[in-house]
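> just a sequence and a predicted model for now, questions to come.
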Amino acid sequence: MDKKDPKVYIKDTSTPVKFIKGVGEARARQLAKIGITTVMDLFEYFPRSYIHRKIEPAIFELKPGDNIAITTMICWVNEKSTRNGKLMLNVGVSDKHSTLICTWFNYPKNLIQMFKPGNMVWVAGTLSEYNGQLQIMHPEIEFVDDEEESDFWKKRSYLPVYSLTGNLTQKFFRNAIYNAFEVYANTIEENLPEFILHKYDFLPRKKALQKMHFSLHPEELDEIRKRFVYEEFFYSQLLWARHKHFHKEEVKGICFENKRQLTAQLYHKLPFKLTNAQIRVINEIFADMTSDKQMSRLLQGDVGSGKTIVTLFAMLLAVENDYQAALMAPTEILADQHYNNITKLLEGLPVKVALLKGGTYKGKEQTKTDIQQGNADIIIGTHALFQKEIVFDKLGFVAIDEQHRFGVQQRASLAKKHKHPDLLYLSATPIPRSLALTVYGDLEVSIIDELPPNRKPVTTLIRSSKKIDLVYKEVAKELEKGRQVYIVCPLIEESDKIDLLDAQRMQHHISTKIYPQYSCVLIHGKMASKEKEDIMRRFKSGEIKILVSTTVIEVGLDIPNASVMVVEHAERFGLAQLHQLRGRVGRGGQQAYCYLIEHMPATNIARERLATLASTTDGFIIAEKDLELRGPGEVFGTEQSGMPHFKFANLVSDQPILKLARQDAFEIITQDPELTNPDHKLLKNIYFRQFAEKEKLILY
Ligand code: ADP
Ligand code: MG
């Protein structure tokens, strides 16, 4: 990591992109923002679509509702004001026989200058009809400008279209990729052994990469893409295969005894009845904990399904066996919340609960001593729990809340604090069972698939931003009842680039114009954590009525009196994120509402996301749909969703390839666990280069 930047680079695909002809330092910085730092990253940056230069089909053959992508000529450009004072841009494009109108509202100012009558433009989108005239609202466009193209691209009938970033253009991507192939193509390494290439008839890697960018037959690319999906799955499955192999004799853990002391006391004083799902899951966890194998279990349950109480039973089982139990939360706000809830639930029970946070504060040294001397039974904390200076007396159980927020390394380091504490990972991301294997390897999974009975499903409404006044009227009724409201915006600060409502302006607008009588406060990710916590506390106590925020409120918060969630620019959020946001309300037994405010332009996929959310509250259905709608390589929202990020693979549609890759990987490891067979030499090199570090964490 702290290796010096070598001055001389070997010319291979790990060369930084800045050395590619036409790239340079400044553009390399822009590329880095989308994860492209090396030549290989650029090779693996596949086009999102392809332009066919020919004009086909003819416009007169098209009808409203068709999804089209055609190359046409720009005929005329017209900008005018609509009745409500908004600017509207109309561009007539033609195939020499018929015309089609492309229409934009809310477009960047410079868009209009880009349309030069006589030039060619590729337009894609869904056709509609207006006064008998074919129209596309907010189409995707690409200018097909022959003069700008290099000689190579001029001669091609298909042009790749890349997702852009910063001020980089299509022309830049096409030329940079072309130049990179000129110099580095011969250094592209094969990463799949011959017998696999042969078995599936895969193209060699170099050839496949070239085809992805320079194909003359884009219809062949679906097939070619499969090898990239396969390789991605294959190597990750090798890791799980080795994990399984080396864990054959199961790791010996603590054998707790179900004494029914503390657990029974808690059971009898609970203010509510456990759901059947909670009882089943507690039994699954207890079965693991009372066996002599180390528990490594994932507890999945939708937002609000009551994972905390289940975890508390497991912790008490450890405590009644004279062990300590730790619960780790991703933020201080959540650690506080757990501490307060758990202390309350355990009132009157002989259990000592401690809270450990980061930084230095009064009383921390005492807490550390208590943990070390066994004067704390249940320890709740943030990642401060894994610092070296924290020594446990006798740690027997560790629960990790919102587990995807922690890195593998952090998880492993807490687990190592004691020989083999039983481990419970909590996750609110409902991962379809079929996928759990890919995501978590051989972790056992428990699912709470039932919400407590006092919950009413959140009423979810999709509203256009034009009707926001009506939404505010509805929301006012809830405020009058004394309920609280969340308003979420996608950006923190005004950005001149995209006209999004930002949280700051929103908070100002709400507190001066809409609800001046209620206290409305802004919270966002860039605030100091002290400040954030203070605001959260005031919201929790009911002092603050309206919380305007970016997505910092997403995870785990439990504020039963909040009954309205308004998501501005809902079309910009991922499904899993929206589901999490909605899960913040409807926790108090009263009817709750989630308003998804849609601003123009929403793409078809965005519409489908919102419709899915409005039609169901079942996290599993939402997760499946999320994966399906999310194209491979789409990173937006993955951190929050807890899904692993694959560059090429789509976890839902590529399941058949996953099965093959898994089978192959397990077969290979069964026969040759150390990959010493000469046939596996390539495999071994590539595997260890990618996974040596990760393996250390998983196979400890
Ligand atoms: P999550 O699974 O999202 O972490 P929590 O554990 O925070 O959910 O529980 C959400 C709320 O539901 C808490 O206020 C908790 O007290 C309550 N709760 C949990 N189990 C039940 C139940 N069986 N009946 C009623 N309320 C419950
Ligand atoms: Mg929780």
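Yep, it's here. Numbering: from 1, shown residues only. Ligands and ions are numbered 1, 2, ... in the order given.
> residues in contact with the residue sitting furthest away from the middle of the chain?
The centre of the chain is farthest from one residue, residue 97, which by C-alpha atoms, centre = their mean lies 45.7 Å away. Residue 97 makes contact with 58-60, according to C-beta atoms under 8 Å, 6 or more residues apart in numbering. Any C-beta I mention is one placed from the backbone N, CA and C, and that applies to glycine too.
> and it, how far is that from residue 185?
Per C-beta to C-beta, to the nearest Å, residue 97 is found 42 Å from residue 185.
> surely residue 68 forms part of a strand?
Yes. Under DSSP: H, G, I helix; E, B strand; the rest coil, residue 68 falls within a strand.
> host element of the residue farthest from the centre of the chain?
For residue 97, there is no helix or strand it lies in under DSSP states H and E.
> ok, it to residue 60 distance?
Residue 97 is 6 Å from residue 60, by C-beta to C-beta.
> burial check on residue 39, number of neighbours?
Number of residues near residue 39 (other C-beta atoms under 10 Å) recorded here: 28.
> next to ligand 1, which bits of the chain? Give me the list.
272-275, 278, 301, 303-309, 428, 452, 454, 558, 587 (C-beta under 6 Å from any ligand atom).
> which one of the contacts of residue 97 sits closest to ligand 1?
Nearest to ligand 1 out of these is residue 59 (C-beta to the nearest ligand atom; 52.2 Å).
> so what's that closest one closest to, chain neighbours aside?
Distances taken as C-beta to C-beta, 6 or more residues apart in numbering put residue 98 closest to residue 59, at 4.0 Å, once the chain neighbours are dropped.
> so for the one you found, what's the pLDDT?
What the model reports as pLDDT for residue 98 is 85.
> quick one, longest helix in the protein?
Secondary structure of the chain per DSSP state H: the longest helix is helix 221-246.
> and that one, which residues are buried?
Neighbour-count burial for helix 221-246, counted by 16 or more other C-beta atoms under 10 Å, picks out 221, 224-242.
> just checking, residue 68 touches residue 134?
No. Residue 68 lies out of contact with residue 134 (C-beta atoms under 8 Å); the separation is 9.6 Å.
> between those two, what contacts are shared?
Applying C-beta under 8 Å, 6+ apart, one finds that residue 68 and residue 134 are jointly contacted by 62, 127.
> distance from the host helix or strand of residue 309 to the middle of the chain?
Using DSSP H and E, residue 309 falls within helix 307-320. Computed by C-alpha atoms, centre = their mean, to the nearest Å, the chain-centroid distance of helix 307-320 equals 29 Å.
> do the same with stretch 589-607
18 Å.
> residues touching residue 211, list them.
203, 220-221, 224.
> recalculate using a threshold of 6 Å.
residue 224 (C-beta atoms under 6 Å, 6 or more residues apart in numbering).
> secondary structure element holding it?
helix 205-214.
> output that helix as CSV, restricted to C-alpha atoms.
C-alpha atoms of helix 205-214 as CSV (Å, rounded to 0.1, in the frame of the first residue of the first chain):
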residue,chain,number,x,y,z
ARG,A,205,-10.3,-12.7,-23.2
LYS,A,206,-8.4,-10.3,-25.6
LYS,A,207,-10.7,-11.1,-28.5
ALA,A,208,-13.8,-10.8,-26.3
LEU,A,209,-12.7,-7.4,-24.9
GLN,A,210,-12.1,-6.1,-28.5
LYS,A,211,-15.5,-7.3,-29.6
MET,A,212,-17.2,-5.5,-26.7
HIS,A,213,-16.0,-2.2,-28.1
PHE,A,214,-15.6,-2.7,-31.8
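> perfect, that will be all.
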